[in-house]
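J.: Next comes the sequence, and after it the predicted model I'd like to discuss.
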Amino acid sequence: KNEVEQSPQNLTAQEGEFITINCSYSVGISALHWLQQHPGGGIVSLFMLSSGKKKHGRLIATINIQEKHSSLHITASHPRDSAVYICAVRLSYGGSQGNLIFGKGTKLSVKP
Amino acid sequence: GAGVSQSPSNKVTEKGKDVELRCDPISGHTALYWYRQRLGQGLEFLIYFQGNSAPDKSGLPSDRFSAERTGESVSTLTIQRTQQEDSAVYLCASSLDTPLSSYEQYFGPGTRLTVT
């Protein structure tokens, strides 16, 4: 079983739809990252979370530490949101930080 | 500089040759990461430098891989005796991470390595 599981693997939506991508993990973490990889390959960091909720524009990320689960929401989706969304967790070793483990990504395609 | 830069952007090499990949992080960023992404696959952690601490090399796939960083500046990833399975995009990222706190990571454009 992978330590970081994302769902769904692929998602097709119509422009304007509300989108949710989920990430579950099974290890102790110090932080969780959501990344966006554009079709050309470039990677952009969207959020870094250790608790609660963050919002940036149409994007919202939440994390529930007790349930070891995070969600990324996109409101009023647009074709330019089409990308691969990657969840990554930062391992925690007794309070110190370890390396990152990545989910396999969710490929989102938003149709006009 | 405006962001993280990497060079070369593309590298084609023959099997068995050594290659060096370079990463210039954002000035002032204490932490630097190397990742690998094989075609159609997810990101894999390779190595992490943070300040003057010993690097976390736990992701390096074999002893043919090594990396160095001079202070809080440039890093080079060296792959010796390249194999075809080393073909991938090698990504570098930097951040203001400390040993106890994580911050946003800024990614470079990557180096696409092809081993023929």
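T.: On my side now, so go ahead.
J.: show me what contacts the closest residue to chain A within chain B?
T.: In chain B, the residue found nearest to chain A is residue B:102; the distance is 3.7 Å by CB to the nearest CB. No exception for glycine: its C-beta is placed from N, CA and C like everyone else's. Neighbouring residues of residue B:102 by CB atoms under 8 Å, 6 or more residues apart in numbering or on different chains: A:30-31, A:33, A:48, A:50, A:90, A:97, B:95.
J.: pretty sure it is in a strand, no?
T.: No. Read with DSSP: H, G, I helix; E, B strand; the rest coil, residue B:102 is coil and lies in no strand.
J.: low-scoring pLDDT stretches of chain A, where are they?
T.: A:1, A:93-98 (pLDDT under 70).
J.: hey, where'd the strands end up in chain A?
T.: A:4-7, A:10-14, A:19-25, A:29-37, A:43-49, A:52-56, A:59-64, A:69-74, A:83-93, A:96-102, A:106-111 (DSSP state E).
J.: Between those, which one is closest to residue B:45.
T.: With CB to CB as the measure, strand A:96-102 is the member of those nearest residue B:45 (4.7 Å).
J.: so what's residue B:13 up against?
T.: Residue B:13 neighbours (CB under 8 Å, 6+ apart): B:19, B:82, B:113-116.
J.: let's see 6 Å
T.: B:19, B:82, B:115 (CB atoms under 6 Å, 6 or more residues apart in numbering or on different chains).
J.: still on that earlier bit, pick out the most distant pair among the contacts of residue B:102.
T.: A:50 and B:95 (14.1 Å).
J.: Tell me which of the two has more neighbours.
T.: Counted by other CB atoms under 10 Å in any protein chain shown, residue A:50 and residue B:95 do not tie: residue B:95 has more neighbours, with 24 against 14.
J.: Hmm, that one is touching residue B:107, no?
T.: No. Applying CB atoms under 6 Å as the test, residue B:95 and residue B:107 come out as separate, 10.0 Å apart.
J.: Just to check, residue B:94 is in contact with residue B:30?
T.: No. If you go by CB under 6 Å, residue B:94 and residue B:30 don't touch, sitting 8.4 Å apart.
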